[in-house]
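>>> Everything below, folded, please.
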Amino acid sequence: QVQLVESGGGLVQPGGSLRLSCAGSGFAFRSFALSWFRQAPGKGRELVAGISSVGARVNYADSVKGRFTISRDNAKSTMSLQMNSLKPEDTAVYYCKASSLSDGRNYWGQGTQVTVSS
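Below is the predicted model:
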């Protein structure tokens, strides 16, 4: 069956770094655009970063530009989000999403908690 599994979340101090990973299986991973979303307590889910199917195009939310880097490895069916210079406002549950531009299918992971606090 289709699975997207995030890992790498945790507790980090302000200014620290974390690397999130998302592993996909059960679908044509390399044919899907991928993205990271996050949802903070009491807020809606927001797009953090996205990457095209072959990795040629990336985009970032203004709030994370210059601090976060999205990447993918289609050979391993994985996606990563390197997060540097973390701030308390980055605290949220982070989700990975796979989107098919050909038929509109979307798959979500279960989320991983990131907490930035001293």
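
>>> Could you measure from the residue most central in space within the chain over to residue 118?
With distances taken as Cα atoms, centre = their mean, residue 36 lies nearest the centre of the chain, 2.7 Å away. Distance check for residue 36 against residue 118: by Cβ to Cβ, to the nearest Å, it reads 24 Å. The C-beta positions use only the backbone N, C-alpha and C, and glycine is treated the same way.

>>> again with residue 79
29 Å.

>>> Next up, the contacts around the closest residue to residue 1 other than its chain neighbours.
In space, and not counting its chain neighbours, residue 1 is closest to residue 26: 5.2 Å by Cβ to Cβ, 6 or more residues apart in numbering. Going by Cβ atoms under 8 Å, 6 or more residues apart in numbering, residue 26 touches 1, 2, 3.

>>> And the pLDDT at the residue in the chain sticking out farthest from the centre?
Most distant from the centre of the chain: residue 118, at 23.4 Å, with distances by Cα atoms, centre = their mean. Looking at residue 118, its pLDDT is 95.

>>> pretty sure it contacts residue 16?
No. Residue 118 is beyond contact range of residue 16, at 9.9 Å (criterion: Cβ atoms under 8 Å).

>>> The residue nearest to the centre of the chain - that's part of a strand, no?
Yes. Counting by DSSP: H, G, I helix; E, B strand; the rest coil, residue 36 is part of a strand.

>>> That one contacts residue 94, doesn't it?
Yes. In this structure, residue 36 is within contact of residue 94 by Cβ under 8 Å, at 6.0 Å.

>>> any residues in contact with both of those two?
Residues touching both residue 36 and residue 94 (Cβ under 8 Å, 6+ apart): 20, 48, 81.

>>> wait, which of these is closest to residue 90?
Closest to residue 90 out of these is residue 48 (9.0 Å), distances taken as Cβ to Cβ.
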